Each structure stands twice: as C-alpha cells, then as structure tokens.
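Chemist: mind looking at a prediction? Sequence and model below.
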2 protein chains.
Amino acid sequence: MPVLVMKFGGTSVATPDRIRRAAKRVGVEVARGYDVIVIVSAMSGETNKLVGYVSETSPLYDAREYDAIVSSGENVTAGLMALTLQEMDVPARSWQGWQVPVKTTSTHSAARIEEIPTDNINAKFGEGMRVAVVAGFQGISPEGRITTLGRGGSDTTAVAFAAAFAAERCDIYTDVDGVYTTDPRISGKARKLDRIAFEEMLELASLGAKVLQTRSVELAMRYNVKLRVLSSFEEQSDDAGTLVCAEEEIMESNVVSGIAYSRDEAKMTLISVADRPGIAAAIFGPLSDAGVNVDMIVQNISEEGRTDMTFSCPTDQVLRAEKALADAKARGDINYHDLVADTNVAKVSAVGIGMRSQSGVAAKMFKTLSDEGVNIKVIATSEIKISVLIDRKYMELAVQALHDAFELDKAA
Amino acid sequence: MPVLVMKFGGTSVATPDRIRRAAKRVGVEVARGYDVIVIVSAMSGETNKLVGYVSETSPLYDAREYDAIVSSGENVTAGLMALTLQEMDVPARSWQGWQVPVKTTSTHSAARIEEIPTDNINAKFGEGMRVAVVAGFQGISPEGRITTLGRGGSDTTAVAFAAAFAAERCDIYTDVDGVYTTDPRISGKARKLDRIAFEEMLELASLGAKVLQTRSVELAMRYNVKLRVLSSFEEQSDDAGTLVCAEEEIMESNVVSGIAYSRDEAKMTLISVADRPGIAAAIFGPLSDAGVNVDMIVQNISEEGRTDMTFSCPTDQVLRAEKALADAKARGDINYHDLVADTNVAKVSAVGIGMRSQSGVAAKMFKTLSDEGVNIKVIATSEIKISVLIDRKYMELAVQALHDAFELDKAA
C-alpha cells in the first residue's frame, strides 16, 4: 500500500482531545488506503518545561543528558496517539527513536539523521498494522545514547521518514493553515501562499519563520519530498495549506515572497582583536566546536593592527559562546580586549527567488527602514535574501513597513 | 570500590531543588569511597498525570503503550540527577532501562526483572564514573519493547541492582523516616520501628503500607539485601530509618508489629454461580489471564447447586475483571446470574511474626472491631497476618482501634 507521512506539532497534540482529533484525520487517510507513518511532537509546553528544568539544573549542560531528558515528551504523545488509534479500531503501535532505530550522528542536541532502516516498521505493516506512530525529534547515536535533532526536529523526522519509505507525500499539521508572507500576528495584511519554493522556504525557516525546521526543508529539497503545511484545526480540502515544492512548479511569484524575523538573536562583539591572518578561524573554530550557531559576521575596518569583530548567534547560546571565547583567550589562541553581548536585537529579512533576476531589492529595503528611522546594525545577504540586525523594539515596525513596501498583500 | 544503591522516590525528586538535595547525599557517599548506583522515580505527580492521560484515552488500554508512556517520567529525573551531580563535579551519567539493559518478562505493566547485566555500568565505573543514575520502574522485554514493573516498581529496580552488583546496602530514600506501626496520618500514636523482618514487611507492603513495593521486599529477602528505609528530608545518622532484615536479626518484637490498610480494594460478587468441580478455576483462570490481582476469596454455602463467589481486587482492575468474566460467560465457560462490584470497601490487616507462636490474635481483632460496631465482610489470614474487608467509612476507626488494642505505641 502507498505510504503517507503525517506529522502533528505540539499544539495539535496538546491534549487527549486534540490527539483524538488528529487521530481522526489519520483514520481518514487509512480509510483511503494508505499505510500511515505518524510523527508526533511533544504536547505543547512539555519540551519548554523540560528545557527549563535542564537550564535550572545546569546552565552549561551535558548535551547527552539534555537529549535523554527533553526527548521524553515525544514518547508520551506517541503512546497516546497509538492508544487513540487503537480505540478507533485502527491497528497502530508506537515507536521510540531507538526502537526504529533512527540512526543519527553523535552531535547531541543537533544530531543529523544518518539512516532509517525500514524493515522493522515494514514488517509490522506486512502483519496488518496500518499506522506506525513515531516519536519525532529523537534518534540514537552510534554509542547507543539518545540524541535529539534540535528544536522543531520533528519536521525533519517526518521528512526523513517520507524519504526513507518513499512516501507519496509528507503532510505537516500545525497550528497555522500554511506559510504566510509574514507572521499574521505582526502584520494584519499577511497573506497565505499556495506554493513556495524549497529555496525560499529554506531561507524563511532558517530566518525564524517557525513553520518548518530548516533541516526538514533541506532534506525535502534533496529527496524531492512533496511537503505540505496545513492546519490541524480546520476541515481540510485536498489542496489546503501551502505546498513546498521545486521552483519549476511555481508559475508566478513576487520578487519578494516573504518577510521573516527572529527575536532570538544576540549580537556579540569582540573588541580590539589582533587583526592577523587566521584570526577568523581562531575565533570561529572554537565557537563551532562549542556548538554555537554563528549567523552573521561583520569585521570592522582595522586600525593599528586591531579590529572589532561582530557576529550574531541565538540568544540561548550566548553563555556557551562566551565560555568558548574565554577558553580560547586563556589558551592564548586569541587576544581581545572585551566581549560585549547585546541581546536586545532582532533580525528581519526579505526573501524571494525573484531577487535572482531583479535588482534594487536591497536599496528599497534600506530606504524603507531609513524612512522609518530604523538603524541597521549588521547586514547579511544571499542570492535570495537580505537580512538586517536592528534594535528589537523596531522589529514589528520594520516587518510591517517592509511587507507594505514590497506589496506582499497582493498576489503576483 | 564497594557499591551502594540509593533510591529516591517521587517526593524526593519532585523539583530541581529537591534533586539537588538528594544529589548532595549521593555526593557524601561518593566521598566515603562508594561507587553509587542511584535509582530514581518520576517527579511526584508525573506518573499520575501520565496514567490519567492513558485512562482518558483508552480505558482498556494496550499495556505495551501504557508502559511506553508512563516510563517517561523516570527518564527525565535520571537525566536531571546526572546533570546535578555533574554540576557538583561528581562524574555521573544516566541510564534508561533499555540501555543497561534491565531485562524483564513481557508481562507489561507488571513485568519481572529477569537479568541485569553489570558489564556496561561496571565498564563506566572502571573509566572513573562514580555514579550511575538509573531510571527506575522500567525495563525491556525480549521483544524489545519497554516494560514497567508496576506502581512502586522503582523499589524493585533498586533491590535488583543491589543484588546484581552485590551492593553493600540498598538505601530507600522516601518522604517518611521509616516504617511505622501504622500510617501516622491515621493514628497519632503510630511509632517508628527500628527493625522489621522481611516477612512482616512483605505482608505490610502487599497490604497497602505504601513504603515499599512488595516485589522489592521479596527480592531483598531472597538475595539477603540489606534494605534501609529513610527520609530524604532529614539529616541522617548512620543508623537512621528502619532496617528491613532477617527475622534472626530482631531481638524483641510485639506479637503484632503493624496495622496496614488499603483503600483501593473492590469487593466483587458473582451471584448464583453453578457450584461444580472446577468452577473456581473457570472463574479465576480468566481473571489471572487478564492481569487481575485477586486477593481475598470467599465462597458462600451452596444451595441447590448454586453459590455466590466473592473476591477482592484493586479498584482500578474492576473494569478488566468485569470484561474477563463477561467474556468467560459468553464463551459458556461459566454461568452466573449477576456480577456486583462494591468499591466502597477497605482492607485492614494486623501483621506480626509473633502470631506464629501466639494464639488469640484473630479473636482479639474481631472483638475490637465488633466493639466499635464495624461489620466484617470478608476475612483472610496467613501465618503472620489477618485481613478483613470492611465498609470504607470505618477504615480509620478500625485502624485506630486495632493500634490501641495491640498496644503498638509501646515498644516490645
């Protein structure tokens, strides 16, 4: 039988009632003849609670223990979903990551899936099981310890299963009914997109549009997995939500497809670093080793052989970054006068595959922000996006102004 | 290095602060030169929350999914305890049941530990790890699915580890400072016992004194594990708490050592059963197969070839028992007029190894209850205990009256 992957996010499984609602939707697809692999997140709030315990216990935690702890929420939902389906007379059972097993790298808290053997689950499908409920977000390392895939990792679990089982489609059920031109909570003019290209979604995902985890979009693009984002709270037609697909499948699009933002960025400035060849490697090597995700980097003009180096990273990695740099300084690998962390910043970005063929987007973006009196602290660009770091208090204003300036409320 | 097993119950690990407190105690034993195996329960309230989800989802749940769900609470505490110890510079790591692996039978929700290989953990001790934190209550079946050992199962995990690792002692840290002659919340005259015999503890445990799980005491008795029950909320001297030990190690004791009770008993009566040879097997076989723990059994005098059969079982197994008997009736294996469940009963028991050599205990018990106007519905006895089923509303009264009658407030 053809396989369908359905993933339900935290708000879609927040209570036994909501799990029942989600299970009904699974039942519909089973009745249509699919063998279904359901990927579940933890009940909403659970993972945050567990992360809170970890932070309270150990600010610089052992990531192996972190993973063992925070992965437990998904196990609960997987079992409850299996029970709910059984109550509906749909043959189902749950699988924890290590039971499948979802084999990952040993990079705890940010592990990558390396292999998903299909034999265990396929054997059960062969015995009449119709739904395999899999705990998302988690896997097992070569050392036999539990790993997690980073926040939002259940999306990646879903796409990886869709690829491994050659699923017809991967439906991501969430609390929004698709991908929007920007966050509707910030701009009332935000418009739902029917289709969006993998590349655009990739930039939006990595820029803080919380609909899909970045890695899941990368995987979907690489294995050409048909990925659909839709709401678990509305009755759905077969073309509901937003289809994330290859660029060729999109006929018309605006130059800019969406405005993304991220509140969880910190700006770190190393003051008075000796400016010598290899200094960037000496700074960013230890940060990378410490698992800090550096995003934007700016180096000031050098004066008298010294320079300031600014970079951004997620706010919750600031402690880690500070420790990694202090250690590097203690070892004598780098030398700096001071390290200043500014957590009062936000990142706002314009994204669109149309930028490839059309110029003037950056100029329009900078002028729009300037007209609103918003000062730009750091700029970063790629082929299809422009990001700026600004004071956090201007974030909403900037998003709204850019959404208006690029006329995103109007379809192409 | 000598090994010590320390088990912390749900209230002892209810918050990150309490986990810190427990970890400090572990640190003291590590400093004394022990390699420590710490067994943890779920934070108090967590398991009940999870059981609540399961009941809400599926009243006649698949026990395999139940186990996968309810075992998750212990995983959280194990990770947090390991992190806390690491913060105190004590080398520690967590182990989930399947990682050790704690090999059990496939009797889900009431599995028995069959084997605990010591090589994985001992290898880590050899590498300098000083504390192995193990999630209690759980194991893995031969089929590779998660099992649990029944409520209170972490005690059994602790004793089984103490036996497997030939530990010097197994300390059970809980929210009471030892084993009492009865529940101090019911009788203000309850007195802490310094020592209690395995056999007595066994009866008290199985009769509802919630200090230790029955199975843990059985195991301790079989492998002669020195078992100590003590409070995690008080500073402890080396002879604190209650030592559960062999009868020979107890010099003096009262005829009755304690009065136990259980609120969670239901009285089930099969009305008008055909009284023929093999009828008991036809009734209790299916109940056993359905996992119903039948405790007391009484058969009425037979009239005209028919009789009433009364038994007691835990209240949360009533549905299961009803279904098992209805199925047996449908198959034609048994025939009865009606099945009446009375969940408004309680069990009260007097326990003491002294009963073996002294008569008159039963007579004194019945007279005491009669003087208080308490009607006895069912009676069961063993060599060292007498149990009665009574109306639940008389439970506290009965416990107090019996505690007074046997003068348990006075040491032997």
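Modeler: All right, it came through fine.
Chemist: and whatever residue of the stretch 251-400 of chain A ends up closest to chain B, how many neighbours?
Modeler: Here the residue of the stretch 251-400 of chain A nearest chain B is A:L319; by Cβ to the nearest Cβ that distance is 14.1 Å. For glycine as for every other residue, the C-beta is placed from the backbone atoms N, C-alpha and C. Neighbour count for A:L319, taken as other Cβ atoms under 10 Å in any protein chain shown: 14.
Chemist: show me where the stretch 1-150 of chain A has its helices.
Modeler: A:16-31, A:46-57, A:63-70, A:72-87, A:119-126 (DSSP state H, counting those that start in this stretch).
Chemist: and B:D155, which of those is closest to it?
Modeler: helix A:72-87 (21.5 Å; Cβ to Cβ).
Chemist: show me what that closest one is packed up against.
Modeler: helix A:16-31, strand A:35-40, helix A:46-57, strand A:92-95, strand A:131-135, helix B:46-57, helix B:63-70, helix B:72-87 (3 or more Cβ pairs under 8 Å, 6 or more residues apart in numbering or on different chains; DSSP states H and E).
Chemist: taking helix A:63-70 as reference, get the angle to the last one.
Modeler: Spelled out, it's helix B:72-87. 150 degrees (axes from the mean of the first three to the mean of the last three Cα atoms, to 10 degrees).
Chemist: contacting residues for the residue in chain A sticking out farthest from the centre?
Modeler: The centre of chain A is farthest from one residue, A:E304, which by Cα atoms, centre = their mean lies 41.5 Å away. Counting by Cβ atoms under 8 Å, 6 or more residues apart in numbering or on different chains, A:E304 touches no other residue.
Chemist: phi and psi next, for it.
Modeler: Backbone torsions for A:E304, taken as degrees, to the nearest 10, come to phi 50, psi 40.
Chemist: repeat that for A:G354.
Modeler: Dihedral angles (degrees, to the nearest 10) for A:G354: phi -60, psi -20.
Chemist: the closest residue to it other than its chain neighbours: how many residues sit nearby?
Modeler: The shortest distance from A:G354 to any residue other than its chain neighbours is 3.7 Å, reached at A:V255 (Cβ to Cβ, 6 or more residues apart in numbering or on different chains). The burial count assigned to A:V255 is 19, neighbours taken as other Cβ under 10 Å.
Chemist: sec struct for A:V255, please.
Modeler: coil (DSSP: H, G, I helix; E, B strand; the rest coil).
Chemist: so what's it scoring on pLDDT?
Modeler: Looking at A:V255, its pLDDT stands at 86.
Chemist: residues touching it, list them.
Modeler: A:G352, A:G354, A:M355, A:Q358, A:V361, A:F406.
Chemist: quick one: which of those has the most company?
Modeler: A:G352 (26 neighbours).
Chemist: which ones are touching it?
Modeler: A:E200, A:S253, A:N254, A:V255, A:V256, A:S257, A:G258, A:V361, A:I384, A:K385.
Chemist: roughly how far does the third one sit from A:A401?
Modeler: To A:A401, A:N254 is 16 Å away according to Cβ to Cβ, to the nearest Å.
Chemist: and for the second one?
Modeler: In this structure, A:S253 and A:A401 are separated by 21 Å, where distance is defined by Cβ to Cβ.
Chemist: and the pLDDT at A:M296?
Modeler: pLDDT at A:M296 comes out at 88.
Chemist: next, count neighbours for it.
Modeler: Using other Cβ under 10 Å, A:M296 is surrounded by 19 other residues.
Chemist: swap in A:A166?
Modeler: 11.
Chemist: then A:M88?
Modeler: Neighbour tally, A:M88, other Cβ under 10 Å: 14.
Chemist: which ones are touching it?
Modeler: Applying Cβ under 8 Å, 6+ apart, the residues contacting A:M88 are A:A23, A:K24, A:G27.
Chemist: what is the least confident helix or strand in chain A?
Modeler: One helix or strand of chain A scores below all others by mean pLDDT, DSSP states H and E: strand A:297-299, with a mean of 84.
Chemist: enumerate the positions of the next helix-or-strand element following it that are buried.
Modeler: Moving toward the C-terminus from strand A:297-299, the next helix or strand (DSSP states H and E) is strand A:306-314. Using 16 or more other Cβ atoms under 10 Å in any protein chain shown as the test for burial, strand A:306-314 gives A:R306, A:T307, A:D308, A:M309, A:T310, A:F311, A:S312, A:C313, A:P314.
Chemist: next one: the residue of the stretch 251-400 of chain A closest to chain B relative to A:A110, how far apart?
Modeler: Distance from A:L319 to A:A110, counting by Cβ to Cβ: 16 Å.
Chemist: do A:V179 as well
Modeler: Distance from A:V179 to A:A110, by Cβ to Cβ: 24 Å.
Chemist: more crowded one of the two?
Modeler: Here A:V179 and A:A110 are compared on neighbour count by other Cβ under 10 Å; more neighbours surround A:V179, at 24 against 18.
Chemist: can you pull the pLDDT of the more buried one?
Modeler: Value for A:V179, per-residue pLDDT: 90.
Chemist: how about the nearest residue to it, chain neighbours excluded?
Modeler: In space, A:V179 is closest to A:T242, 4.1 Å off (Cβ to Cβ, 6+ apart).
Chemist: export stretch A:264-273 as CSV, just CAs?
Modeler: What follows is stretch A:264-273, C-alpha atoms only, in CSV (Å, rounded to 0.1, in the frame of the first residue of the first chain):
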residue,chain,number,x,y,z
ASP,A,264,16.2,35.1,19.5
GLU,A,265,19.4,36.6,18.0
ALA,A,266,22.1,38.1,20.1
LYS,A,267,24.8,40.4,18.7
MET,A,268,28.3,39.6,20.1
THR,A,269,31.2,42.0,19.6
LEU,A,270,34.8,41.1,20.3
ILE,A,271,36.5,44.4,21.0
SER,A,272,40.0,45.1,19.9
VAL,A,273,41.1,41.8,18.4
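Chemist: that's all I had, so thanks and see you.
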